[in-house]
Every structure is written in structure tokens, then in C-alpha cells.
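>>> Test case, fold it:
(one chain, ligands or ions: 2)
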Amino acid sequence: MAPSAIYDTAPSLSPSPSSPYRILVPEKLSPEGLSLLRSSGYQVDTPAARPAADELLRLIPAYHALIVRSETKVTAEVLAAAGPKLRVVARAGVGVDNIDVDAATKKGVVVVNSPSGNIVAAAEHTIALLLAAARNVGRADAGMKAGRWERGRLVGVEVGGKTLGVVGLGKVGMKVARMAKGLGMGVVVFDPYASAEVARQAGVELRGELEAVVREADFLTVHTPLLASTANLLGEKELRSMKPTARVLNVARGGVYNEEALLRALDEGWIAGAGLDVFTSEPPAEGSVAARLAAHPKVVSTPHLGASTVEAQENVSMDVCRQVVAILSGGLPTAAVNAPLILPEEYRRLQPFVKLVERMGSLYTQHFAGERGGMVGGRRFELVYHGELAGVNNTRPLLAALVKGLVSSISDLGGRDVNIVNATLVARERGIAIDEKHVRDVGGGAVVPTYASAVTLRSVSSDGGFDGEKEEQVIEGYVSGRAVYISKLGRFTANFQPQGTLLILHNYDEPGKIGNVGTALGRHGVNISSMQVAPLHGGSVVVGGDGGGRSTESDDGSLADSESRAANEALMILGVTGDVTQDVLQELGKSEGILHVNLVRLE
Ligand SMILES: NC(=O)c1ccc[n+]([C@@H]2O[C@H](COP(=O)([O-])OP(=O)(O)OC[C@H]3O[C@@H](n4cnc5c(N)ncnc54)[C@H](O)[C@@H]3O)[C@@H](O)[C@H]2O)c1
Ligand SMILES: O=C(O)[C@H](O)COP(=O)(O)O
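Ligands and ions are numbered 1, 2, ... in the order given. Okay, here's the model as predicted:
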């Protein structure tokens, strides 16, 4: 399996040289990143103008990756329209509030961003607005350009010695706080999630209440993401409790201040001014409150320029383009918003086991659940890691691989495939529960005595025993080199590679069986490419049919016959090519000594 399997949404759509991966970049992205994409052999489309919402819906199905800044709205509708090709939505910046991350997760599309590429730019822009708001730079400049010399009307205030209130001591907030201290300001902070130790080391005062920060601040700046919990965080109550000389700044997201309240605060003199880079609608819709704020004489406003420096744009462009290349070529992103973090060395180590576990899941569904109506939903599974593998802590890729293997052959996932992004969600939707066990010792167990790392999959009933009334539904496998093998299937000791189309026949291991099966398949034009006989595990005697059900003693002593025949049960595992029709399966099933026939299709 190619390493891209973790993020694959449609392996069959892997591009060929004549049909490369296509990447849509509807917004302006620094050329360094675009060059990286093109030199990696991808087709990069950069429309001259940002496509309107309906145009994006029309375009998106052709693309494997979409790279946006803050203007393109990547809605659930866009993600639904994307179809199976789309693997990654990259945000060349920090905020992902323009992307429906939940919808992307459901679809198994990775969302990546550049968490720190524009931090310096955003912090410096905050300081620019701080000073501009303090010294009326915007109005003074506009006056000069209009031929006015307004020295008397534009007396400002100093920031040195004043208090800056910071709401949100994250990456930008911290940088702003440090810069403000450099300007001689005192800094008080509200951030319920910030570490007191980190705040202390930065020389800022952490307050337990937002109200305290708001009351103390001569300048107030917000640096939180826009979330349900931060929308309108600063409303009428907070703005009314500020000093009338205070000025507020927003280089985070429009909507963290309630815009109506802010407009009234400025109009009615609750505060003295504002520096705003972001608005609830961008560009502010004509006549909107956002537009009135942007045009307000007490406001210095900029059109969402916080990240717009040459340096920041190079940073974010390279950050996200590298991640797009990584994902499309089977590597790992460094800043996935909706996928677990896996270190590259962990991932490399797990790769062969990802393939093994996916095949085991698929084999389970087709061999065991297939016999019983394809039911894997609502079941509890146990995945046991033996040997070296037991030392791996981050097994998310293996869980994802199991879910993918269990459900892929049986479910219509509505155009989505299972990957590490959505596996937990898919499992939850289908009532599949997976427990994991780490068993370091492979030497002592009866199960996998010889391999350095092995995996056992079993279906477990609610009382903790094996599921299935008749049979232990167990599959064991191991990796050798890059090849994967199944070493146990149900009650049978095996050693076959789970790949291609397999015919699994449960039979009495008696002379003539192989010949009969071979002749029947030959008659139907089915070629046998590999063959393995899997005997009962440990030579145990099981009485009865496939399930090893109860024995019933008869008067004529037929139990002895039946016992000896059952002791010779085996699986015949044939790798086949050609069309194995229902007729073929029925004919084989009726053959003397054949107890059951299963067709299993693996990749
Ligand atoms: N204007 C721009 O061009 C521009 C540029 C970069 C970043 N931004 C925006 O700035 C914001 C901050 O970015 P960041 O990288 O520093 O994010 P971050 O995730 O590093 O920091 C956010 C901080 O907000 C805190 N927080 C969350 N909820 C809070 C609440 N209810 N009250 C107080 N604090 C709360 C978090 O604990 C965290 O410390 C984001 O919205 C981002 O999109 C804007
Ligand atoms: O969240 C961000 O990174 C900033 O708001 C930058 O947005 P932009 O990429 O649209 O400039």
C-alpha cells in the first residue's frame, strides 16, 4: 500500500503522468509556494479573480487540493460538491473559521494551516494600529492629503506608561504583549487557558476575570479565534465599563467585539477610539455596521492586512504548500487542524502494519461477517499488538486502518472513504467499538510465537469472550520485510499473503479435494495463482461443521467417524484470477467434503 493510504480518499484516482494532481488556488498566494507545487509536478490553477461561491461549486470536483486564505468560504456545500478526489484543504494563514472543518472531517479531507507563519506580521500590525489610534495617524494623513493642516485637532496620547489589556495570550497575543512591554506599557491579560507560569515569565499580569482587564485597560486588544465562545465576547457591558479615554484594537476576527455595541461606544463616547483590521463582513457590506465602523472618524481601519507582509506571505505559502505536497505524496502534514499528529518516524514504522490491519479488517468482514450477513456494525473488536509493536503509543493509524478494512467492502460511505481523519467518526456512526491491547511478549503466547511484531484481531462479545456462537473469530497476522501475512484465520493456522482475490474453502482435508477444486475452477476459466492448505490450529479436534459445534453420540458409534473426519478439517486458500461467478461458488460448495466456500477480494 502506498504511504498515502492514511489520507487516501480514492486510491483508484491516483494521478498518472498524463493526469497530475490538480490544485486550485482561488486567492492570492505567494509565488514561492506555487513554484514548489509546480516543480513537484502538480497542475496548479490560479484563477485571475476569486471564483464566486457557485463557480467554486462547479470547479471543485476536479481538484485534489484547495488552498485558500480568509476570503474563500469552504462550506459544507463546497466539500460535498468536491466529490472523492479532494484530499486536503490548506489555509495559508492561521484562522480556519472560513472552513467547515467538521464537514471536512466527516469527508476525510485533511485541513491544514500555517499556525505561525504570520504571527510577527499580525503582532506588528496590532502595534501599528495601537500607535495609529493613539496618535490619530489615519485622520492626520487623510487631512494632509485633502490639503488640511490640523495640528490643533489631532492631539494624541502616549502609550508608554499606559496599560494594555490583552484578551487571548496565544501566539499573536503573547508577541503583542512582549512588544508592548518594549514600548514601556504595563500588560494585563485575560485568557482562561493561559499558563500562569508562562504569563509570569513574560512579565504580564494574568487576571481571572475579563471585567478586570477591561476596566484597567487604556488600550484593549483581542487575540482569540472566532468561536461560539468568543463571538461578542466584548459587548455593551464590557465597553461601557471601559475608561472613556480607552481605545480598542482588533486584529483577530470581526465579531469578537459586538459591532453594534462598538459603534455605539464610539458614537456615545464610552471609549475614545479604535483600530480595526477585521470585520464581520469583509469587505464590509454597504450600509452595514461594519462599514460604518470602518468609516468612523474615531477609527483607524485597515482591510484585513494583519498577515499582509511579504515575509508572512512567503512563510504561509511555503508552510501550506509543503504540507499539500506531503499529503499528496503520501507524507504527513506538520499542522493538520483535524487529524492527529503523528511523527514521521512513528508513521514510517507503522506503515506495513497499517496495510496488515486494513487487510485483516477487510478479511474479517468478508470471511466471518460475510458468512453472517455482512454485519460488522454494532460489534466490539479487540486489536492486540504483540512484540515491538506493543511499544507504539500512537496507534491511531492502525485504528483507522481497521475501521477502513472493516467497512470499506460493505458500505456505501456516500462518496467518502475512511482515513485517519474520519475513522473515529465512521466507527461511531456504525457502532463499531475497538479496544486495544499491548502485549510485549510474543515468545510465550500460543498465538504468535515467532514474529517480532504481530497483530491479533478478534471480535469480542459484550461479556468479554469471543463473539459468534460457534467460532472464535480471530485473525492473526505479521509483517515480514514489506510483505504482510495472515498466520491464523479462525481455528486454522495459515501462512498466506492477504492480497488479490482469494477463494477460501473450508473442507475435510482428504485426498482428491485439491484436484476436484482445481478441475472445477479450470472448467470455468478461473486460474489458480497460489495455494495454501491451512490445518486446524494446534491440531485440535473439533467435532461438527465449520463452527465446531457440539458433538452428539450415536448408538452405532458414528461419533468416532465424525470425530476423525473433523480432526482433518482444513482451509484451502487459493489466490485466483478470472471471473469467479456465483455459479462457480455454488458448484464448489456442493462438492463432496467441502463445507463452505468464501470469496474474498482484497486490494
Ligand atoms: N488580521 C490578521 O490578518 C490575522 C493574522 C494572524 C492571526 N489572526 C487571528 O488572530 C487570532 C489569534 O491567532 P493566534 O495564532 O494567536 O491564535 P492562538 O490559538 O495561538 O491563540 C488564541 C488564544 O486565545 C485564547 N482564548 C480562547 N478562547 C478565549 C476566551 N474566551 N477568552 C480569552 N482567551 C481565549 C486561547 O487560550 C489562546 O491562547 C486568530 O483569530 C487568528 O485568525 C489574524
Ligand atoms: O487568520 C489569519 O491567518 C489571518 O487572518 C490572515 O488572513 P489572510 O490570509 O486572508 O490575510
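
>>> measure the residue of the stretch 201-350 of the chain found nearest ligand 1 to ligand 2 for me?
Proximity of the stretch 201-350 of the chain to ligand 1 (CB to the nearest ligand atom) peaks at Gly306, 2.4 Å away. C-beta here means a position set from N, CA and C on the backbone, and glycine is covered the same way. Computed as CB to the nearest ligand atom, to the nearest Å, the Gly306 to ligand 2 distance reads 6 Å.

>>> Assess the claim that that residue and His125 are in contact.
Yes - judged on CB atoms under 8 Å, Gly306 makes contact with His125 at a distance of 4.5 Å.

>>> Which neighbours do the two have in common?
Val251, Asp277 (CB atoms under 8 Å, 6 or more residues apart in numbering).

>>> Give the burial count for Ser229, as a bare number.
9 (other CB atoms under 10 Å).

>>> Would you agree it falls within a strand?
No - counting by DSSP: H, G, I helix; E, B strand; the rest coil, Ser229 falls outside a strand, being coil.

>>> Point out where the protein drops to low pLDDT.
1-19, 370-375, 410-416, 442-451, 461-472, 538-567 (pLDDT under 70).

>>> how about the residues of the chain that lie near ligand 1?
Along the chain, the residues adjacent to ligand 1 under the rule CB under 6 Å from any ligand atom are 94-95, 118-119, 122, 167-173, 190-194, 223-226, 229-230, 233, 251-253, 277-278, 304, 306-307.

>>> Would you mind writing the ChimeraX command to select the buried ones in those?
Buried residues within the residues of the chain next to ligand 1, by 16 or more other CB atoms under 10 Å, are selected in ChimeraX with:
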select :94,95,118,119,122,167,168,169,170,171,172,173,190,191,194,223,224,226,230,233,251,252,253,277,278,304,306,307
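
>>> can you tell me which of the residues of the chain next to ligand 1 are in strands?
Judged by DSSP state E, these include Val167, Phe190 as members of strands.

>>> Report the separation between the residue nearest to Ala400 when sequence neighbours are not counted and ligand 2.
Closest residue to Ala400 apart from its sequence neighbours, by CB to CB, 6 or more residues apart in numbering: Ala423 at 3.6 Å. Going from Ala423 to ligand 2 by CB to the nearest ligand atom gives 28 Å.

>>> Identify the residues contacting Ala423.
Counting by CB under 8 Å, 6+ apart, Ala423 makes contact with Arg396, Leu399, Ala400, Val403, Lys404.

>>> quick one: it from Ala76, how far?
For Ala423, the distance to Ala76 (CB to CB, to the nearest Å) stands at 20 Å.

>>> Check Gly138 too.
As judged by CB to CB, Gly138 and Ala76 stand 39 Å apart.

>>> what do you get for Ala212?
For Ala212, the distance to Ala76 - CB to CB - is 39 Å.

>>> now swap in Ala122 and tell me
Counting by CB to CB, the gap from Ala122 to Ala76 is 28 Å.

>>> before we move on, what about Gln351?
On the measure of CB to CB, Gln351 and Ala76 end up 32 Å apart.

>>> Kindly report the same for Asn495.
Separation of Asn495 from Ala76 (CB to CB) stands at 47 Å.

>>> do the same with Met179
Taking CB to CB, one finds Met179 at 39 Å from Ala76.

>>> What of Glu55?
Glu55 is 17 Å from Ala76, by CB to CB.

>>> Please apply the same query to Leu66.
Separation of Leu66 from Ala76 (CB to CB) stands at 14 Å.

>>> Comparing these two, which residue is more hemmed in?
Set Leu66 next to Ala76 and count neighbours by other CB under 10 Å: Leu66 wins out with 28 against 13.

>>> who are the neighbours in contact with that one?
Here Leu66 is in contact with Ile23, Leu24, Val25, Pro26, Ile60, Thr72, Val74, Ala82, Leu86, Val88, Val89, Ala90 (CB under 8 Å, 6+ apart).

>>> so which of the residues you listed would you say is closest to ligand 2?
Ranked by distance to ligand 2 (CB to the nearest ligand atom), the contacts of Leu66 are led by Thr72 at 9.2 Å.

>>> so what's the closest residue to that closest one other than its chain neighbours up against?
Spatial nearest neighbour of Thr72, chain neighbours left out: Pro26 (5.1 Å); criterion: CB to CB, 6+ apart. Residues counted as contacts of Pro26 (CB under 8 Å, 6+ apart) are Thr46, Pro47, Arg50, Pro51, Leu56, Leu66, Val68, Thr72.

>>> For whichever residue of the chain sits closest to ligand 1, what are phi and psi?
Residue nearest to ligand 1 within the chain (CB to the nearest ligand atom): Gly170, separated by 1.7 Å. Dihedral pair for Gly170: phi -90, psi -150, per degrees, to the nearest 10.

>>> Could you do Arg247 as well?
Note on Arg247: its backbone torsions stand at phi -130, psi 140 [degrees, to the nearest 10].

>>> which residues does it bridge with?
Legend: beta-bridge partners of Arg247 under DSSP bridges are Phe219, Gly273.

>>> Hmm, it is touching Leu131, no?
No - counting by CB under 8 Å, Arg247 does not reach Leu131; the two are 10.6 Å apart.

>>> Comparing the two, which residue is more hemmed in?
Counted by other CB under 10 Å, Arg247 and Leu131 do not tie: Arg247 has more neighbours, with 28 against 16.

>>> Ligand 2 versus that one, what's the distance?
According to CB to the nearest ligand atom, Arg247 and ligand 2 sit 21 Å apart.

>>> start at 454 instead
From this message on, residue numbering opens at 454, which makes the last subject Arg700.

>>> Tell me which residues touch that residue, please.
Applying CB under 8 Å, 6+ apart, one finds that Arg700 lies in contact with Leu583, Ala586, Ala587, Asp671, Phe672, Leu673, Ile724, Ala725, Gly726, Ala727, Gly728.

>>> Can you redo these as a markdown table, where the extra columns are distance to Arg944?
Shown next, in a markdown table, are the contacts of Arg700 (distance: CB to CB, whole Å):
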| residue | distance to Arg944 |
| --- | --- |
| Leu583 | 74 |
| Ala586 | 77 |
| Ala587 | 80 |
| Asp671 | 78 |
| Phe672 | 74 |
| Leu673 | 71 |
| Ile724 | 77 |
| Ala725 | 81 |
| Gly726 | 79 |
| Ala727 | 75 |
| Gly728 | 74 |
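
>>> Thank you kindly, that will do.
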